[in-house]
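Peer 1: The sequence isn't on hand, but the structure is:
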Ligand code: BG6
């Protein structure tokens, strides 16, 4: 991959929550590690009224709040703050763009734009950028979600962006792709021989993907109430994980080869008919309960009104191709769950015949667990003999073969997902960004589920905060004889 670093970065939404928590700390870390191009200037823009000095103060405060102590070296912070400047902008009209362009300066050495903005502002922002020459050949754009709420609105946004930026200069962010363990799925599958021969319907019984969160609505009522778990987590993060598990081996590690294979998976997802949807999906909404020993209120209380938005969803999905025929992919995600855990569990087929049957050993099929967070590990559950003289037959027990990535790579700092993605944006590597055809195939599948919910007037079932979701989610797998990995 030839790297083609830009000389300037322009951050929209520079005073927002994501910027404070993730973007500024990530850029700081890249600076501190000497990874940002020398002389790269970072222009922040947002509605808020700041000048360069007050924006630097604002950024310093964010760094102080969100960086770990051992990273707060004054010389790093000073050096980083010197890269920053600010221009206030109302992106709903093109008026303020000339001043922005002047602040950014000459973009012949390349400009990367990071756009995290309300979907309603996409069109005017792109037009504004176009009108002042900030969308030319040397400019690339990174787009943060939400990129629409269904296929039609996503197309509209993609068209609006496409007006200024062709696909090869458009970088759609799914921050899960910036996580080390997510990239490790590729290393595990395609850097090792032994899984591939059984990585298919002959060897695998089912795949489970879980993203469980303990947080509730946080301060995002406006967005979340209109989105719900299906759009917020499944359309993007969970489907990306599914694609990495299910895709065919790409010929090369590059943006075209990898995204071609992922797109094929999305296009192979079995579309559900409205009649099938209630059978294959479960929705839930949290009510009062306790998470981590703390009493917490219901979603409706947090929102301040009753709502039909799902804060939990479980889905039985199928990938209709030769490799995966008949293998269910069970997907689930929810807020206010029992613990925070993102995990992929691959359950292999049972042995065809057990010579231990009836002799004190019950064989469990092997399971491969890829834990993404909070810990990072890969675990293969295998059967092993329990020590003993075996007077009543061999006793076997399931034990984990463990690869703790935290321990194995203890000397390496775990980076924020955005560090990787921002650097790739700055250097022009699209491999870990989502292509338009991927997004549209994802929405097509998601829209069919929503259509089924609407047609059947499906309302979310309640579940207590601190649980694993409504009991129907357990039934979703149990009726196939499958148990969720953690239950
Ligand atoms: C975001 C969702 O995309 O991902 C949030 O909008 C969610 O609702 C977050 O909390 C989860 O990300 P992570 O990295 O904390 O698992």
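Peer 2: Yep, it's here. Computed from a predicted model, the values in this text were never measured in an experiment. Residues are numbered from 1 along each chain as shown.

Peer 1: Okay, and the beta partners of residue 85?
Peer 2: residue 43 (DSSP bridges).

Peer 1: pretty sure it is touching residue 53, no?
Peer 2: No - using C-beta atoms under 8 Å as the test, residue 85 is too far from residue 53 to be in contact (9.8 Å). Glycine gets a C-beta too; all of them are placed from N, C-alpha and C.

Peer 1: pLDDT below threshold where in this protein?
Peer 2: 1, 357-361, 487 (pLDDT under 70).

Peer 1: Tell me the residue of it that sits nearest the ligand?
Peer 2: residue 232 (4.8 Å; C-beta to the nearest ligand atom).

Peer 1: In this structure that residue contacts residue 224, no?
Peer 2: Yes - between residue 232 and residue 224 a contact is recorded at 6.5 Å, counting by C-beta under 8 Å.

Peer 1: a strand runs through residue 158, doesn't it?
Peer 2: No - checked against DSSP: H, G, I helix; E, B strand; the rest coil, residue 158 lies outside a strand; its state is helix.

Peer 1: how many neighbours does it have?
Peer 2: By other C-beta atoms under 10 Å, the residues close to residue 158 number 20.

Peer 1: Which residue lies closest in space to it, excluding its sequence neighbours?
Peer 2: Spatial nearest neighbour of residue 158, excluding adjacent residues (C-beta to C-beta, 6 or more residues apart in numbering): residue 436 at 5.3 Å.

Peer 1: Over to residue 302?
Peer 2: Residue 302 sits nearest to residue 217 (C-beta to C-beta, 6+ apart), 4.4 Å away.

Peer 1: what's the answer for residue 20, then?
Peer 2: In space, residue 20 is closest to residue 62, 3.9 Å off (C-beta to C-beta, 6+ apart).

Peer 1: So which residues on the stretch 101-250 of the chain come close to the ligand?
Peer 2: By C-beta under 6 Å from any ligand atom, the residues of the stretch 101-250 of the chain that approach the ligand are 213, 232.

Peer 1: Next: the stretch 251-400 of the chain.
Peer 2: So far as C-beta under 6 Å from any ligand atom goes, the stretch 251-400 of the chain lies against the ligand at residue 342.

Peer 1: quick revisit: so the residue of the chain closest to the ligand, which state does it fall into?
Peer 2: helix.

Peer 1: again, but for residue 362
Peer 2: Assigned with three-state DSSP, residue 362 falls in the coil class.

Peer 1: what does residue 380 give?
Peer 2: Put simply, residue 380 is strand when judged by three-state DSSP.

Peer 1: same deal with residue 457?
Peer 2: coil.

Peer 1: distance of it from residue 276?
Peer 2: 16 Å (C-beta to C-beta, to the nearest Å).

Peer 1: just residue 180 next, same as before
Peer 2: From residue 180 to residue 276 the distance is 36 Å (C-beta to C-beta).

Peer 1: Could you give the backbone dihedrals for residue 331?
Peer 2: Torsion angles at residue 331 (phi, psi; degrees, to the nearest 10) stand at phi -120, psi 140.

Peer 1: What segments of the stretch 51-200 of the chain are helices?
Peer 2: Ranges of helices in the stretch 51-200 of the chain, per DSSP state H, counting those that start in this stretch, are 52-66, 74-82, 97-104, 122-131, 151-164, 180-190.

Peer 1: Show me what the last one is packed up against.
Peer 2: So the one you mean is helix 180-190. helix 239-246, strand 367-373, helix 405-408 (3 or more C-beta pairs under 8 Å, 6 or more residues apart in numbering; DSSP states H and E).

Peer 1: now the ones you listed as a markdown table including mean neighbour count?
Peer 2: Compiled in a markdown table, the helices and strands packed on helix 180-190 are given as follows (neighbours: other C-beta atoms under 10 Å):
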| stretch | mean neighbour count |
| --- | --- |
| helix 239-246 | 24 |
| strand 367-373 | 19 |
| helix 405-408 | 14 |
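
Peer 1: Now tabulate the ones you listed in TSV and tack on distance to residue 283.
Peer 2: Output for the helices and strands packed on helix 180-190, formatted as TSV (distance: least, C-beta to C-beta, whole Å):
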stretch	distance to residue 283
helix 239-246	17
strand 367-373	23
helix 405-408	33
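
Peer 1: And for residue 345, the neighbour number?
Peer 2: 20.

Peer 1: now it, which residues is it bridged with?
Peer 2: Under the criterion used (DSSP bridges), residue 345 bridges to residue 208, residue 369.

Peer 1: Just list the residues touching residue 206, thanks.
Peer 2: By C-beta atoms under 8 Å, 6 or more residues apart in numbering, the contact set of residue 206 is 327-330, 347, 477, 480, 482.

Peer 1: in which helix or strand would I find it?
Peer 2: Using DSSP states H and E, the element containing residue 206 is strand 204-212.

Peer 1: And the next helix or strand past that strand?
Peer 2: Strand 204-212 is succeeded, C-terminally, by helix 221-229 (DSSP H and E).

Peer 1: Which secondary structure elements does that next one sit against?
Peer 2: If contacts are counted by 3+ C-beta pairs under 8 Å, 6+ apart, helix 221-229 sits against helix 299-303, strand 312-318.

Peer 1: Which of these has the highest mean neighbour count?
Peer 2: strand 312-318 (a mean of 25; mean count of other C-beta atoms under 10 Å).

Peer 1: Show me what that strand is in contact with.
Peer 2: With C-beta under 8 Å, 6+ apart, strand 312-318 has contacts from 228-230, 233-234, 242, 269-270, 280-286, 324, 327-335, 337, 449, 460, 463, 469-470, 472-473, 476-477, 480.

Peer 1: Any idea how far that strand is from the middle of the chain?
Peer 2: 16 Å (C-alpha atoms, centre = their mean, to the nearest Å).

Peer 1: now the angle between helix 221-229 and it, please.
Peer 2: 30 degrees (axes from the mean of the first three to the mean of the last three C-alpha atoms, to 10 degrees).

Peer 1: partners of strand 312-318, with directions?
Peer 2: strand 281-287 (antiparallel), strand 328-334 (antiparallel).

Peer 1: Just put these in CSV and tack on mean neighbour count.
Peer 2: What follows is the strands paired with strand 312-318, written out as CSV (neighbours: other C-beta under 10 Å):
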stretch, mean neighbour count
strand 281-287, 25
strand 328-334, 24
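
Peer 1: possible to save those as a markdown table with distance to residue 141?
Peer 2: Shown next, in a markdown table, are the strands paired with strand 312-318 (distance: least, C-beta to C-beta, whole Å):
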| stretch | distance to residue 141 |
| --- | --- |
| strand 281-287 | 34 |
| strand 328-334 | 28 |
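
Peer 1: Deepest in the core, which of the helices of the stretch 51-200 of the chain is it.
Peer 2: Among those, ranked by average contacts under mean count of other C-beta under 10 Å, first place goes to helix 122-131 (a mean of 20).

Peer 1: Give the other helices and strands that that helix contacts.
Peer 2: helix 97-104, strand 111-115, helix 151-164.

Peer 1: can you tell me which residues contact residue 170?
Peer 2: When contacts are counted by C-beta under 8 Å, 6+ apart, residue 170 touches 140-141, 143, 161-162, 436.

Peer 1: at 6 Å what do you get?
Peer 2: Applying C-beta atoms under 6 Å, 6 or more residues apart in numbering to residue 170 gives the contacts 141, 161.
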